[in-house]
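> Need a 3D model of the following:
(one chain, ligands or ions: 1)
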Amino acid sequence: MKAKLQELIEEMKNVVIYSNDDIENFRLKYLSKKGVINDFVSQFRDIDPSQKKEIGQLLNTVKQFAQNKWEEACLNISSKSLNNESEKIDFTLPSEPDFSGSRHPLSIIENRIIGIFRQLGFVLHEGPEIEDDWHNFSALNFPKNHPARDMQDTFFIAEEIALRTHTSSVQVRLMEKQSPPIRAIMPGRVYRNEAVSARANCFFHQIEGIYIDKKVSFKDLKQTLYIFVQQLFGEKIQVRFRPSYFPFTEPSAEMDISCQLCHGEGCNVCKHSGWLEILGCGMIDPNVLKMNGINPDEYSGFAFGMGVERIAMLQFDVKDLRTYFNNDSRFLSQFKNY
Ligand code: DAH
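Residues are numbered from 1 along each chain as shown. A predicted model of the protein is given here:
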């Protein structure tokens with residue numbers, strides 16, 4: 001009997017189980033009541049008592065081996081059949097709808113603008129939204145009680161402390177801590193005490209730029225901004241500079257681009273002029289350089305500032321500024337592919 005049991009183990013080792021049928025056949029043959037192992041259990045009663053201990057142990061080993069092999073096969077085959085299920089997926093079916101979010105249109109435009117200036121060697125800088133009078137006004141050549149301060153209706157928080165009205169304040173912070181050459185692009189949110197309408201909001205976004213080095217001229221300003229709008233709107237764009245006034249630049253200008261909608265013919269968007277204003281700019285006033293510790297006899301520079309909402313309105317044909325801030329997912333989900 002001992003030899004037969006050893007043979008039985010070898011036989012079971014060689015049984016290959018592939019399918020659910022194989023599992024059931026194995027169970028019937030070896031583990032069921034009428035199975036081979038139970039036969040040996042019945043015969044066990046009649047064997048010589050001197051052999052009982054040894055044969056008993058061997059019989060247990062055989063039973064245990066059969067049980068283990070069967071359980072292992074059950075586990076393997078059931079996970080395999082799961083895999084087979086997944087192989088039945090039809091890959092030609094349309095995919096599940098994509099509910100992932102998308103970037104906000106203002107972020108899309110802001111990132112594009114920053115990307116263009118980065119290629120031109122400008123580095124990114126940011127400053128605080130709560131500013132003191134010095135950084136927002138005085139260091140930018142707005143004298144106390146000067147009417148130019150009224151150009152920007154300010155939200156004051158405390159005496160001499162306000163929500164910044166423009167990102168030009170970051171210019172000051174940068175000039176304070178860095179000496180020329182400085183070439184930086186400074187995006188951020190700004191606040192003005194204005195009635196909310198389709199064309200104005202009490203907060204909006206600007207991107208500021210400065211370039212200060214030896215011998216920087218108006219020619220550099222024009223060429224830099226021209227390359228910028230060509231990259232943003234396409235090579236066919238036309239620009240013009242109109243004289244303007246900002247306390248911190250001299251001379252100052254506003255830059256217009258040819259209207260993207262009517263291509264100069266005249267339409268409602270450009271108020272039939274063929275031109276759209278997109279930014280303010282100028283040569284940094286020597287007084288501003290001096291106030292911020294830069295020698296105007298040695299260095300010169302240009303600066304510019306633009307509104308992100310306005311450029312995004314042109315690019316995406318958005319008519320009402322308020323839609324940027326209403327968080328309506330029907331509006332926001334239109335920008336998935338940008
Ligand atoms: N800070 C100006 C504004 O908010 C925009 C501006 C104009 C920024 C001319 C500049 C500049 O840097 O040179 O209206």
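> Export stretch 267-283 to CSV, keeping only CA atoms.
The C-alpha trace of stretch 267-283 is given here as CSV (Å, rounded to 0.1, in the frame of the first residue of the first chain):
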residue,chain,number,x,y,z
CYS,A,267,-16.8,96.6,-37.8
ASN,A,268,-18.6,96.8,-34.4
VAL,A,269,-15.8,95.3,-32.4
CYS,A,270,-13.2,97.9,-33.6
LYS,A,271,-15.9,100.6,-33.6
HIS,A,272,-15.3,101.0,-37.4
SER,A,273,-11.8,102.2,-37.0
GLY,A,274,-10.1,99.0,-38.2
TRP,A,275,-7.8,99.1,-35.1
LEU,A,276,-7.9,97.6,-31.6
GLU,A,277,-5.9,98.8,-28.6
ILE,A,278,-4.2,96.0,-26.8
LEU,A,279,-1.5,97.5,-24.6
GLY,A,280,0.2,100.5,-23.0
CYS,A,281,4.0,100.9,-23.2
GLY,A,282,6.9,103.3,-23.2
MET,A,283,10.4,104.1,-22.2
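> And for that stretch, what's in contact with it?
217-218, 221, 225, 229, 240-241, 244, 246, 248-262, 264-266, 300-307, 310-311, 314 (Cβ atoms under 8 Å, 6 or more residues apart in numbering). C-beta coordinates here come from the backbone N, C-alpha and C atoms, glycine included.
> One more pass at 7 Å, please.
218, 221, 225, 240, 244, 246, 249-259, 261-262, 264-266, 300, 302-306, 310-311, 314 (Cβ atoms under 7 Å, 6 or more residues apart in numbering).
> List the contacts of stretch 314-324.
105-106, 109, 196, 198-201, 260, 276, 309, 312, 331.
> returning to that earlier point: just the buried members of the contacts of stretch 267-283?
Among the contacts of stretch 267-283, those classed as buried by 16 or more other Cβ atoms under 10 Å are 221, 225, 246, 249, 252-259, 300, 302-306, 310-311, 314.
> correct me, but residue 285 touches residue 139?
No: applying Cβ atoms under 7 Å, one finds residue 285 not in contact with residue 139, separated by 11.0 Å.
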